[in-house]
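Asks: I would like to see how this sequence folds:
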Amino acid sequence: MNGAAARTCQPGDELIICSSIYLPGESIAGLNPAIVTLDEDNNICETLRYSVSLDCAGRYQFAILDEGGTRLKVPLRASSGQNRKS
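Replies: Numbering: from 1, shown residues only. Okay, here's the model as predicted:
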């Protein structure tokens with residue numbers, strides 16, 4: 001570990017490890033990154049895939065797929081701003 005995590009994390013702490021890339025906008029559709037959860041012995045418990053595509057109107061569609069490819073409910077969706085309270 002580097003940085004602040006090297007000073008604040010202790011053995012047994014849960015960690016989130018992620019990576020990111022920068023892409024041109026037209027490359028976003030077709031992304032299919034994998035997300036894994038591990039148990040305390042670092043065995044894979046669950047594998048999910050994020051799927052990004054374009055619909056016929058050119059809008060991005062986002063899905064979470066389980067190991068069998070079944071679409072799961074997206075836990076949180078951003079609002080369009082039309083129903084927000086000020």
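Asks: how much space between Thr37 and Arg59?
Replies: Distance, Thr37 to Arg59, using C-beta to C-beta, to the nearest Å: 30 Å. Placement of C-beta: from N, CA and C, glycine included.
Asks: so where do the helices sit in the chain?
Replies: 3-8 (DSSP state H).
Asks: contact partners of the longest strand seen in it?
Replies: Of all segments of type strand in the chain, defined using DSSP state E, the longest is strand 44-54. Strand 44-54 has contacts (C-beta atoms under 8 Å, 6 or more residues apart in numbering) with 28-39, 60-67, 69, 72.
Asks: out of these, which end up buried?
Replies: Leu65 (16 or more other C-beta atoms under 10 Å).
Asks: for the longest strand of the chain, which strands pair with it and how are they oriented?
Replies: strand 34-38 (antiparallel), strand 60-65 (antiparallel) (DSSP bridges).
Asks: show the pLDDT at Asn83.
Replies: Looking at Asn83, its pLDDT reads 52.
Asks: what's the answer for Thr70, then?
Replies: 93.
Asks: against Leu15, how distant is it?
Replies: 28 Å.
Asks: likewise Val52?
Replies: From Val52 to Leu15 the distance is 25 Å (C-beta to C-beta).
Asks: quick one: pLDDT of Asn2?
Replies: pLDDT, Asn2: 69.
Asks: sorry, wrong one. I was asking about Leu15.
Replies: 80.
Asks: how many neighbouring residues does the nearest residue to it once chain neighbours are set aside have?
Replies: Leaving aside its sequence neighbours, Leu15 sits nearest to Cys9 (C-beta to C-beta, 6 or more residues apart in numbering; 6.9 Å). Cys9: 12 surrounding residues under other C-beta atoms under 10 Å.
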